[in-house]
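Undergrad: fold the following for me, if possible:
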Amino acid sequence: MPVQVSWQVSWARSADAHEGLLALLDPVERARHEATVDPASRDRFLVGCALSRRILGELLGVPPEDVPLRRVCPTCGGPHGKPRLAVRAGYDFSVTHSGDVVGVAVCRGAQVGLDVEEADTALDVDAAARTALSARETAAFYALPPAERKPAFLRIWTRKEAVLKALGVGLRAPLRELEVSGADAPAAVLTWPDRLADGPRTTLTDLTVDGLHPAALAVTTGAGRERAALGVGKQPGHAGP
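TA: Modelled structure (predicted):
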């Protein structure tokens, strides 16, 4: 019998951070919070952890501070990889933040990836396009009027990053080989990197936060083979757009 897949997305602000949320974090999270120098990054991390724990705690029927989470970097083994449940409970989740926006997606029965980008973020769109877009995507991108290129790029970027987060590889995959539909078309993966063959079964959904900030949600099944094919831990990661 196929597993039923369901998902939910919750949004918060980094301004929601307050000292009382620290009680929800485990020792590893508190250490990372204390070691984060930039106040804005520290607040985003705290809100993301607290929001994840509250949602997962409700689903698992345990207090937020008792939700068993683990973070293992696939490259170095350090405690800063994608957070995952340390028990087999059938749930996957993804945390994202950009500027003041913090989001958490939780999915039952499949892997999930969530990404958001601030609409007014400072961005060299030409340099970003050279890094992230395929030849076909680049041609479509430069066919747009200059004023439309930045929002179009951010829409495409959120789709790609959401898919790679769902696979659990982040930005270690070849972005230019992962081709998605144009910004004005329904979200879909058109071409996968060669090493993924036909690609995993993926549902891609466009979201918008506060009617302004582009976001995307990817729900992927059968991602274990894809993680291995992409060589998790064998390629260097990249920064945001």
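Undergrad: rest of the way, CA atoms for contacts and neighbours
TA: Fine.
Undergrad: how about the nearest residue to residue 106 once chain neighbours are set aside, phi and psi?
TA: Residue nearest to residue 106 in three dimensions, not counting chain neighbours: residue 93, with 4.2 Å by C-alpha to C-alpha, 6 or more residues apart in numbering. Per-residue torsions, residue 93: phi -150, psi 160 (degrees, to the nearest 10).
Undergrad: and for residue 24?
TA: Torsion angles, degrees, to the nearest 10, at residue 24: phi -80, psi -20.
Undergrad: dump the residue contacts of it.
TA: Contact analysis of residue 24 by C-alpha atoms under 8 Å, 6 or more residues apart in numbering lists 50, 53, 64-65.
Undergrad: and the pLDDT at it?
TA: Looking at residue 24, its pLDDT is 96.
Undergrad: do residue 226 as well
TA: 47.
Undergrad: about what we covered before: which members of the contacts of residue 24 occur in helices, if any?
TA: Secondary structure from DSSP state H places 50, 53 of those in helices.
Undergrad: who wins on neighbours among the contacts of residue 24?
TA: Neighbour counts for the contacts of residue 24 peak at residue 53, which has 23 neighbours (criterion: other C-alpha atoms under 10 Å).
Undergrad: skip the chain neighbours and tell me the closest residue to that one.
TA: residue 64 (4.6 Å).
Undergrad: tell me the spacing between the one you found and residue 49.
TA: 10 Å (C-alpha to C-alpha, to the nearest Å).
Undergrad: outline the domain layout of the chain.
TA: Per automatic domain parsing, the structural domains of the chain span 1-109, 118-235.
Undergrad: worst mean pLDDT among these?
TA: domain 118-235 (a mean of 85).
Undergrad: would you mind confirming that residue 51 is in contact with residue 105?
TA: No: using C-alpha atoms under 8 Å, residue 51 makes no contact with residue 105, being 10.1 Å away.
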